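Novice: the amino acid sequence is not available; the structure is as follows:
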């Protein structure tokens, strides 16, 4: 099973939606924050891809 | 307090009157003053309060009163436990203006009621979000076995201070591995007790459904005494039954340092028959834990993130914001996978008493690099040292990280996992391994210890 790295983006579409969520919540104080958040959202997207693949398999 | 003195020896000596608690505490304070500048374990040392408490213990004995099982034992707590009159900062500069705690957390109170003496507060990753104890506010805690290397986290100060011999007992917290990871990298016994078995009042939360607290010690005997004091229970007698043991395969053997796997296999041999079993969802469960932690951890900080995001440690802030933004549907997916994995674990523990797995994939990484290699890629140690601890954290099971005996080398830890409420099984299994000479804490070889 692939290990999510620190700078992968395996889910560009959903990432866009989540960035919009973060913006709507007022969680960005400025451009200084955005790269780090984006990097972490990429990481979460990679982890979700692994979860989704496991969930899609038949329940044990 | 000489390095070799354990909490057991100190309690015996103070209870019998051979030594004074005030002398034990004074010596521990000297050790802290000597060593902590090299290691950055403590965020505050409460010397006056500790000496006053020690005098009270000595007075109690002088009056002929029976002392508790931790009489005169110096301890310290991760900076997320309430101690009356002190500010619980949880590693965050932004909490330096918070009101001091009005009372001790119940677990701190239980240690004090056993006549242990609190010496201060210990460094951690801000708000416990990390496996490194790299803190932008209070510094990076260094590993006593090699100060150029990480102590692990998030309870790094708790582990490094005990490994260095500054004091025999500390408390940390473990959400995804924050006791077990630093215990492994610093060569200690570190326990994650059964989730919800200990009171968590007065402990600054991270992810309630995963948070536990646990002790660090250099010996199994000390750990057991501390655990039963914290649990407010009498230790049950050792089981006479032969424990059935299995090793976890697949996810838990991939990416693992060869010496750790050799240690796991040597432990298996000590039990005679410990087959390899696979839990196929372990990798996905680790990712599920990552997502659940991000979402729930972020949600706890939502209001502060909206109003004072720039006051956070940047590395923690960016993780928390990403977690807040994570959609509910993705977290629901993670919960489903976590539940399925927990069923796999439960099935395994219906057949076996103890499951064995490595604690960390590598020995302590270099601080200057902050990276570990996973699947051929260099990834953040801060986020990934919990590769093997995170999946099993979802279950709430009790887990003991034990140090492989390897004097003169960097420490490595192995997890022993038991069924809910079966801490006594962990202690029985570990005792057998201590007797076999396979596990035990080795003294660091750092030069400043000799001066």
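Specialist: Nice, thanks for sending it over. No experiment lies behind these values; they were computed from the predicted model shown.

Novice: around chain A, pick out the residues from the stretch 351-451 of chain B.
Specialist: Counting by CB under 8 Å from any CB of the partner chain, the stretch 351-451 of chain B comes close to chain A at B:374-375, B:377, B:379-380, B:383-384, B:387. Backbone N, C-alpha and C define where each C-beta goes, glycine included.

Novice: close to chain A, is stretch B:337-346?
Specialist: Yes. Looking at stretch B:337-346 against chain A by CB under 8 Å from any CB, the contacts come from B:337, B:340, B:343-344.

Novice: Provide the secondary structure category for residue B:419.
Specialist: coil (DSSP: H, G, I helix; E, B strand; the rest coil).

Novice: what helix or strand is the nearest residue to it once chain neighbours are set aside on?
Specialist: Closest residue to residue B:419 apart from its sequence neighbours, by CB to CB, 6 or more residues apart in numbering or on different chains: residue B:349 at 4.7 Å. Secondary structure from DSSP states H and E places residue B:349 in helix B:328-351.

Novice: what comes up buried for that helix?
Specialist: Neighbour-count burial for helix B:328-351, with 16 or more other CB atoms under 10 Å in any protein chain shown as criterion, is recorded at B:330-331, B:333-335, B:337-338, B:340-342, B:344-345, B:348-349.

Novice: next SSE after that helix?
Specialist: Assigned by DSSP H and E, the successor of helix B:328-351 is strand B:354-358.

Novice: against chain A, how distant is the residue nearest the centre of chain B?
Specialist: Centroid-nearest residue in chain B, with CA atoms, centre = their mean: residue B:179, separated by 1.9 Å. To chain A, residue B:179 is 23 Å away according to CB to the nearest CB, to the nearest Å.

Novice: how about that residue, phi and psi?
Specialist: The phi/psi pair for residue B:179 (degrees, to the nearest 10) reads phi -90, psi -50.

Novice: separation between it and residue B:194?
Specialist: 13 Å (CB to CB, to the nearest Å).

Novice: ok, back up a step: the residue nearest to the centre of chain B and residue B:192 touch, don't they?
Specialist: Yes. Residue B:179 lies in contact with residue B:192 (CB atoms under 8 Å); the separation is 5.4 Å.

Novice: quick check: neighbours shared by those two?
Specialist: Common neighbours of residue B:179 and residue B:192 are listed as B:212, B:214, B:401 (criterion: CB atoms under 8 Å, 6 or more residues apart in numbering or on different chains).

Novice: of the residues of stretch B:337-346 next to chain A, which is the nearest to chain A?
Specialist: Checking the residues of stretch B:337-346 next to chain A against chain A with CB to the nearest CB, the nearest one is residue B:337 at 5.1 Å.

Novice: ok, the residue nearest to residue B:419 touching residue B:399?
Specialist: No. Look at residue B:349 against residue B:399 with CB under 8 Å: they stay out of range, at 11.8 Å.

Novice: any common contacting residues for these two?
Specialist: Joint contacts of residue B:349 and residue B:399 (CB under 8 Å, 6+ apart) are B:417-418.

Novice: do me a favour and average the pLDDT over stretch B:324-339.
Specialist: Averaged over stretch B:324-339, pLDDT sits at 95.

Novice: try stretch B:163-174
Specialist: On average, stretch B:163-174 scores 97.

Novice: identify the residues contacting the closest residue to residue B:195 other than its chain neighbours.
Specialist: Of all residues not flanking residue B:195 in the chain, residue B:396 sits nearest, at 3.3 Å (CB to CB, 6+ apart). Applying CB under 8 Å, 6+ apart to residue B:396 gives the contacts B:194-196, B:210, B:420.

Novice: which PyMOL command selects the buried ones in these?
Specialist: Those of the contacts of residue B:396 that count as buried under 16+ other CB under 10 Å are selected in PyMOL with:
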select buried, chain B and resi 194+195+210
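
Novice: okay, the contacts of residue B:396 in TSV with secondary structure and pLDDT next?
Specialist: Listed next are the contacts of residue B:396 as TSV, based on DSSP: H, G, I helix; E, B strand; the rest coil; pLDDT from 0 to 100:
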residue	secondary structure	pLDDT
B:194	coil	98
B:195	coil	98
B:196	coil	96
B:210	coil	98
B:420	coil	97
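
Novice: how about the contacts of residue B:396, which pair is most distant?
Specialist: B:210 and B:420 (14.6 Å; CB to CB).

Novice: residue contacts, the closest residue to residue B:131 other than its chain neighbours?
Specialist: Sequence neighbours aside, residue B:385 is the residue nearest to residue B:131 in space, at 3.7 Å (criterion: CB to CB, 6+ apart). Residue B:385 makes contacts with B:131-132, B:152-153, B:177, B:181, B:185, B:360-362, B:365, B:372, as judged by CB under 8 Å, 6+ apart.
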